[in-house]
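Undergrad: give me the fold of what follows.
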Amino acid sequence: MKEHKILAATPKTDDVAWERWQPTHFGDASAKAAAGGTGRPAANGMVAAGAELDALRAAAREEGYRAGFDAGHAEGLDAGREAAKAEGRALATQLGNAISRFDAGVAQLERDVAQELLNLALGIARRIVGDTLEAQPETVLASIREALAQLPAQHSVVHLNPEDAELIRMQHGDALARAGHRIHENPQLSRGDVLVEAGGTQVDARLETRWQRVWESLEPEPVAKGGA
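TA: Reported below is the predicted structural model:
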């Protein structure tokens, strides 16, 4: 009987990959499945959330900067407007004061010019009156009669320049005396001046006063505001 040798087949390591068999642990498989199935998406979600948070922070900073700029801009505009208003009020006050000073200066100039013209007119009038009285004493007499007509009393004192008083006495002294009037020489009066007193009342018929009245009558009347 022949002996048969049974040879065990020896696998070639180069051709077949093998590993030692171990029992399967379901917990490890679940953990691997969980790690392999959801780990990467979770990491991506965290990255996305972080990026979104950074974007929100940047937007908040930008909004804060913009709000601060707008507030500062508005505050600056308000301050500028108030400063402009204050400067405008100050300029208006200065302009008003300048106009007032100008008006006052013009008014004073007008008064000075008017007084100068009046003095010139009085000087000319005195010269003319002086020459006229020498030839026509009745010129003063007309002023005396006009003044006496304004007084109710019959007895009056007529003040005249000494030269005029002498002429009136020579020409009309008796008539005035019979009417109850008395002539009084006053060296402070100029030729042609007449002052009449009676019962505590005085009528000023001096040449300067008469010229002043004429001058005032020539001044234009002020136009009422809003009038035609």
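Undergrad: which residue sits closest to S143 in space, ignoring its chain neighbours?
TA: Closest residue to S143 apart from its sequence neighbours, by CB to CB, 6 or more residues apart in numbering: V194 at 4.5 Å. For glycine as for every other residue, the C-beta is placed from the backbone atoms N, C-alpha and C.
Undergrad: need phi/psi at that neighbour.
TA: phi -140, psi 130 (degrees, to the nearest 10).
Undergrad: mind listing the strands for this protein?
TA: Here the chain has its strands, by DSSP state E, at 156-160, 181-185, 194-198, 201-204.
Undergrad: quick one: closest of those strands to G80.
TA: With respect to G80, and counting by CB to CB, the nearest of the strands of the chain is strand 201-204 at 65.2 Å.
Undergrad: contacts for that closest one?
TA: A147, L148, Q150, L151, A153, L195, V196, E197 (CB atoms under 8 Å, 6 or more residues apart in numbering).
Undergrad: and what of stretch 159-171?
TA: In contact with stretch 159-171 (CB under 8 Å, 6+ apart) are residues 133, 137-138, 140-141, 144, 158, 176, 183-187, 189-197.
Undergrad: redo that, cut-off 10 Å
TA: 129-130, 133-134, 136-141, 143-144, 158, 173, 175-177, 183-197, 202, 205-206 (CB atoms under 10 Å, 6 or more residues apart in numbering).
Undergrad: stretch 174-181 now?
TA: In contact with stretch 174-181 (CB under 10 Å, 6+ apart) are residues 141, 144-145, 148, 153-158, 168-169, 172-173, 182-183, 196, 198.
Undergrad: thinking again about what came up before, considering the contacts of strand 201-204, which possesses the most neighbours?
TA: V196 (25 neighbours; other CB atoms under 10 Å).
Undergrad: you'd agree it is up against V140?
TA: No - using CB atoms under 10 Å, V196 makes no contact with V140, being 11.9 Å away.
Undergrad: between those two, which contacts overlap?
TA: V158, L160, A205.
Undergrad: what would these look like in JSON lines with pLDDT and neighbour count?
TA: JSON lines is the format used below for the shared contacts of V196 and V140 (pLDDT from 0 to 100; neighbours: other CB atoms under 10 Å):
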{"residue": "V158", "pLDDT": "92", "neighbour count": "25"}
{"residue": "L160", "pLDDT": "93", "neighbour count": "25"}
{"residue": "A205", "pLDDT": "84", "neighbour count": "22"}
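Undergrad: need these in JSON lines with distance to R66, can you?
TA: Formatted as JSON lines, those follow (distance: CB to CB, whole Å):
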{"residue": "V158", "distance to R66": "98"}
{"residue": "L160", "distance to R66": "97"}
{"residue": "A205", "distance to R66": "89"}
